[in-house]
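> Got a predicted model here, sequence first, then my questions.
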Amino acid sequence: QVQLVESGGGLVRPGGSLRLSCAASGFTWNYYAIGWFRGAPGKEREGVSCISSTDDSTYYADSVKGRFTISRDNANNKVYLQISSLKPEDTAVYYCAARGYVCYPDPDSYDYWGQGTQVTVSS
């Protein structure tokens with residue numbers, strides 16, 4: 001059974017940091033790129049970051065470059081998203097998703113999705 005489970009969300013003040021985790025099971029980890037998306041009420045789901053399975057190349061949305069860092073732990077089938085210098089507009093449900101090998105911005109191209117973890121940035 002394929003599972004992607006996110007954790008690490010929470011309430012944080014502007015300027016604060018969180019580390020989101022995505023734990024995967026039930027599929028061949030080394031064949032899949034892992035992306036992070038976020039969704040907020042009234043907004044389209046936005047691709048935030050992604051890391052490929054082929055060479056660990058990374059992608060970041062312009063809105064998060066320099067503030068978010070994605071990393072991959074292949075020994076434990078996990079991907080992390082370190083999110084820093086948080087702003088109220090970063091408030092969203094953050095999802096991890098898996099697709100074959102390389103990153104791609106279209107969320108419809110991802111095969112597996114987690115349930116999401118809520119990040120709220122507020123003073």
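Structure received.

> residues touching Ser122, list them.
By C-beta atoms under 8 Å, 6 or more residues apart in numbering, the contact list for Ser122 reads Leu11, Arg13, Pro14, Pro88, Thr91. C-beta coordinates here come from the backbone N, C-alpha and C atoms, glycine included.

> And the pLDDT for the third one?
Which is Pro14. What the model reports as pLDDT for Pro14 is 98.

> Please identify the helix or strand for it.
Using DSSP states H and E, Pro14 falls within no helix or strand.

> show me the contacts for it.
Per C-beta under 8 Å, 6+ apart, neighbours of Pro14: Leu86, Lys87, Pro88, Val121, Ser122, Ser123.

> So which of the residues you listed sit within strands?
Val121 (DSSP state E).

> Put the buried members of the contacts of Ser122 into a ChimeraX selection.
A single ChimeraX command selects the buried members of these (16 or more other C-beta atoms under 10 Å):
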select :91
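
> Gly10 bridge partners, please.
With DSSP bridges as the criterion, Gly10 is bridged to Val119.
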